[in-house]
Structure formats: structure tokens, C-alpha cells
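Engineer: Structure of the sequence below:
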Amino acid sequence: SIYESRIPVSGFQESRNAKKNWEAYGWNKYDVFPRTAVSRMRAIGDNYVSSSKVDYTFYEVEKEGKRMIVNAALTNHMFSGSPAESFYYDKPLRVRTLRTLVKLGQMALAFVPKVPGFIKSSVNSFSESWYKEQAKFEAFLFAHFEAKDDAKMMEIIGNQINNPFYLFQGVVKP
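Structural biologist: Residues are numbered from 1 along each chain as shown. The predicted structure is shown next:
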């Protein structure tokens, strides 16, 4: 199971649960995300002028004149309740740029002397909450555009995922 492979080495109890319920473990983990997305969209749907499901946990929404694709299964970051923003139609590079800036900030913080480790760790955790899980899920969005044979969107989403596998496969231009 892909989901079992994501259990950290220290996740003994989770690993035991996976072993006990192997037949349904991956499906149960997979199924949580679409249900979470539907629930979140019901709860905050009034915040958008319009919304329509794109695929899996992704919705195309319009808010304040901006059309975008959001991932309703995840939030923007650890302190947000808003769905993760995956793509802006009017600014296609916005998500990639934001993620690059966050990663650069993380690198810069590593070189700042005399900042206690617990602060660096906290800032890194917050920073990763902006992009780490979102990038994993955007592989589903990438696959959606691949199925629609939309090379332009595949390139944009693939670049913002920043997954070396796509670069090595020649799917995305570096």
C-alpha cells in the first residue's frame, strides 16, 4: 500500500493497524481525503461566487473575481482553515513562486547564527505546511490534466510540484 509506505519508522502503532487491516487500509486512508474535501466545501462554499468539482479533492472556485483551483482536502498552511490554493488562472506561476520563496526563506534561516534550534524547527514546520502535502496531492491534479491531454497545465502543475521524477521523465521542462 502506498499509504503504508508513508508510515514513519517511529509509527509502530500505525504500522500494526495497517497489518491488521491490510485489505482495507489503503482504501480507508484514500477515502478520507475526498470526504474531507466535500465536508470543507459544504462548510465554506458560501465564501465563493461559484464552485465546481475538478477531480478527486480539487475544485475550481471563483472568489473576488479570481478563478482558481483549490484542494479542499488540505488547508493553505497549518494555521489556516481555507482550502489549499493549487492554481490561479490569472497568475499561473503564483503558487510556484510562493513555494519557492518559502523554501528560500527556510534555507536562509538555516544560515542565521544564534537562532535557537526549536525556533528554526517551528519555522520549518510552518514553512513545510505551505507546500509539502499540497505538492503530493497535486500529482492527482497533474494526472487529471494528463488525462485531458492539456500539456500547458501539466507543465505548470508539474513545475510547482517540484518533483524530480517529472523532470527525469521529460514530462516537465526544468
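
Engineer: Quick check: residue 15 is in a strand.
Structural biologist: No: secondary structure assignment places residue 15 outside any strand; it is helix (DSSP: H, G, I helix; E, B strand; the rest coil).

Engineer: Does it touch residue 7 like I think?
Structural biologist: Yes: using Cβ atoms under 8 Å, residue 15 is in contact with residue 7, at 5.2 Å. C-betas here are computed from N, CA, C, even on glycine.

Engineer: neighbour-wise, which of these two wins?
Structural biologist: Legend: neighbour count by other Cβ atoms under 10 Å for residue 15 and residue 7, higher for residue 7 (18 against 14).

Engineer: in this structure, which strand has the most residues?
Structural biologist: strand 66-75 (DSSP state E).

Engineer: roughly how far out does it sit from the chain middle?
Structural biologist: Here strand 66-75 is found 10 Å from its chain centre; the criterion is Cα atoms, centre = their mean, to the nearest Å.

Engineer: With stretch 38-49 instead?
Structural biologist: Using Cα atoms, centre = their mean, the offset of stretch 38-49 from its chain centre is 18 Å.

Engineer: Check what contacts it and list those residues.
Structural biologist: 51, 59, 61, 62, 63, 72, 73, 81, 82, 83 (Cβ atoms under 8 Å, 6 or more residues apart in numbering).

Engineer: make it 10 Å
Structural biologist: Here stretch 38-49 makes contact (Cβ atoms under 10 Å, 6 or more residues apart in numbering) with 51, 53, 57, 59-68, 70-75, 81-83.

Engineer: now do stretch 118-131
Structural biologist: 74-80, 84, 95-96, 98-103, 105-106, 109-110, 112, 115-116, 132, 138, 160-162.
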